[in-house]
Structure formats: C-alpha cells, structure tokens
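Chemist: test case, fold it:
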Amino acid sequence: MTATSVAAAANNAAWCDLVCRAAGLPTVTRPDLWSTPRRSPDAYPDAVTLRAGVRATDVLAAVDSSPGASVKDSFADLDLTPHGFTLLFSALWITRAAPSGRPTRTVLTWRVVDAATLPTWAAVHGPTAVGAAVLDDPAVRLLIATDAHGPLAVAALNRSGTGAGTVVGVSNVRVLRADAVTVWSDLQVVARRELGPLPLVGYESGDDLDAPRAIGFEPAGPLRVWTR
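Modeler: Model prediction:
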C-alpha cells in the first residue's frame with residue numbers, strides 16, 4: 001500500500017459515492033471502507049476498501065452481499081472466495097505527476113458535458129448509471145471530444161482530497177473514433193485546465209493500460225474486483 005494507491009482508492013470511492021447518491025442510494029464512508037447498503041448501479045461496486053488489511057467480514061457486513069454484489073478490493077488483499085464471490089477482474093492503479101511548465105493545447109476538440117449533451121456522452125460510454133445530478137458537483141467534469149462527424153471519445157474527471165493529497169481521477173474513458181494515446185494525452189491537458197495542476201490517478205487493465213502508460217502514467221499498485 002502506497003500513499004498514491006490510497007489517494008487513488010479514495011478518489012474512486014468519491015466518484016462511486018457521487019454516482020450512487022445521484023441515484024438516490026444511501027452511502028457510508030469510513031476511514032477504511034466506502035459502501036452502500038443497497039445494491040449499487042450496474043458496473044459500480046457496493047464497497048471500496050480504502051486501506052489495506054480490511055477484514056472480509058467487515059466489508060460484507062456493510063453491503064447487501066446477496067448474489068449480484070461486488071467489492072472493489074483496492075489493495076488486492078481480500079479473499080472473498082470462501083464467501084461465495086469470484087474474481088471479476090484484476091487491474092492496476094495508475095498515476096501521473098502534476099504537470100509543470102506552461103499548459104499545452106489539445107489535439108482534439110473537447111467540451112464539458114451539460115444536461116443537454118449528457119445523452120450523447122452516455123451513448124458513447126455505453127450503459128451507464130451516471131445521472132444528470134453528477135453535473136452539479138463542482139469537482140466533476142464529464143467530457144466529450146467531437147469533430148464534424150460526431151463524438152470521438154468521452155471521459156470523466158473528479159477531484160478529491162485536501163492539501164497536498166488532492167488528486168484528479170480520470171475514469172470512464174471510452175474511445176470511439178480516435179487514437180487512444182491522443183485521447184489520454186489530451187485528458188491530462190483538459191484536467192489541468194478544468195480542475196487545476198494536480199496529480200492524476202485512475203485504474204485500467206489489460207490492453208487499456210497501454211495508452212496511459214505511453215504518455216507517462218505509472219503503476220501505483222494492484223486492485224481487484226470481486227462479484228457474487
């Protein structure tokens with residue numbers, strides 16, 4: 001467990017918290033665990049560990065652990081197999097240092113999504129529980145890149161933490177008609193412009209790691225997602 005992986009897990013939990021609350025779900029944030037006692041929206045976990053060493057029984061006591069439950073094991077140190085869970089996927093937290101020097105321009109044309117363009121963002125992203133209420137949070141930006149022929153890519157940014165621990169999360173990146181390396185390179189520019197010159201965090205797995213690593217993101221630790 002590193003300070004960066006802790007910050008990344010907390011940032012991801014903050015995003016999950018916002019999406020769940022926007023969907024009308026109750027949430028609980030403790031120093032070691034974020035959770036919702038009701039079933040989270042599709043593709044979102046019912047719990048996110050915020051520290052290494054959280055006991056499996058404590059995690060499962062905080063959620064509806066019936067079939068369909070999912071847990072983001074942020075430090076890849078839980079074994080939920082005895083509780084009827086299977087491993088859905090493994091991934092890596094990734095991070096990039098805060099940018100220095102003068103801001104650069106993006107290659108693609110990006111805009112911040114509003115209520116009118118949210119359906120287009122959702123259509124590119126695919127099935128999503130991200131509702132219009134998330135747009136009201138000043139620490140969140142949903143982004144879409146377009147050209148004359150329509151959408152090219154989408155992403156989400158969210159800022160979390162305080163003081164030197166403040167980071168910006170990059171998530172929900174979907175590339176429709178663009179080069180993935182260009183998209184990730186642009187996103188670091190847009191993140192600085194919209195939310196400040198802060199370290200970036202996120203997570204990806206498999207081939208989706210290639211583009212962020214090509215533009216300077218580095219691994220910050222493993223995570224796993226379990227489902228029942």
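Chemist: count the residues that sit near residue 199.
Modeler: Per other Cβ atoms under 10 Å, the neighbour tally for residue 199 reads 20. (Each C-beta comes from the backbone N, C-alpha and C, glycine too.)
Chemist: quick one: it and residue 96 touch, right?
Modeler: Yes - Residue 199 sits in contact with residue 96 when judged by Cβ atoms under 8 Å, with a separation of 6.8 Å.
Chemist: shaky segments in this structure?
Modeler: 1 (pLDDT under 70).
Chemist: tell me the centre residue of it?
Modeler: residue 171 (4.0 Å; Cα atoms, centre = their mean).
Chemist: tell me which element it falls in.
Modeler: Assessed by DSSP states H and E, residue 171 sits inside strand 167-175.
Chemist: describe which strands that strand pairs with in its sheet and in which direction.
Modeler: Counting by DSSP bridges, the strands paired with strand 167-175 are strand 150-160 (antiparallel), strand 200-204 (parallel).
Chemist: thinking again about what came up before, partner residues bridging the residue nearest to the centre of the chain?
Modeler: Beta-bridge pairing of residue 171 under DSSP bridges involves residue 156.
Chemist: where exactly do the helices run in the protein?
Modeler: With helices called from DSSP state H, the chain shows them at 3-22, 56-61, 118-125, 180-195, 210-214.
Chemist: nearest to residue 136, of the ones you listed?
Modeler: Minimum separation from residue 136 across the helices of the chain (Cβ to Cβ) falls at helix 3-22, 8.7 Å.
Chemist: any idea how far the closest residue to residue 84 other than its chain neighbours lies from residue 67?
Modeler: Distances taken as Cβ to Cβ, 6 or more residues apart in numbering put residue 228 closest to residue 84, at 5.2 Å, once the chain neighbours are dropped. Residue 228 sits 5 Å away from residue 67, going by Cβ to Cβ, to the nearest Å.
Chemist: please identify which of these two sits among more neighbours.
Modeler: residue 228 (19 against 8).
Chemist: isn't the more buried one right up against residue 60?
Modeler: No - Residue 228 is not in contact with residue 60 according to Cβ under 8 Å; the separation is 9.3 Å.
Chemist: that older thread, and residue 22, which of the strands paired with strand 167-175 is closest to it?
Modeler: strand 150-160 (12.4 Å).
Chemist: one step back: got the CA positions of the strand holding residue 171 in PDB?
Modeler: Below are the C-alpha coordinates for strand 167-175, written out as PDB (Å, rounded to 0.1, in the frame of the first residue of the first chain):
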ATOM      1  CA  VAL A 167      -5.700  14.400  -6.900                       C
ATOM      2  CA  VAL A 168      -7.800  14.300 -10.100                       C
ATOM      3  CA  GLY A 169      -9.300  11.000 -11.100                       C
ATOM      4  CA  VAL A 170      -9.500  10.100 -14.800                       C
ATOM      5  CA  SER A 171     -12.200   7.400 -15.400                       C
ATOM      6  CA  ASN A 172     -14.900   6.200 -17.800                       C
ATOM      7  CA  VAL A 173     -12.600   6.700 -20.800                       C
ATOM      8  CA  ARG A 174     -14.200   5.400 -24.000                       C
ATOM      9  CA  VAL A 175     -12.700   5.900 -27.400                       C
END
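Chemist: work out the gap between it and the centre of the chain.
Modeler: In terms of Cα atoms, centre = their mean, to the nearest Å, the centre of strand 167-175 is set 6 Å apart from its chain centre.
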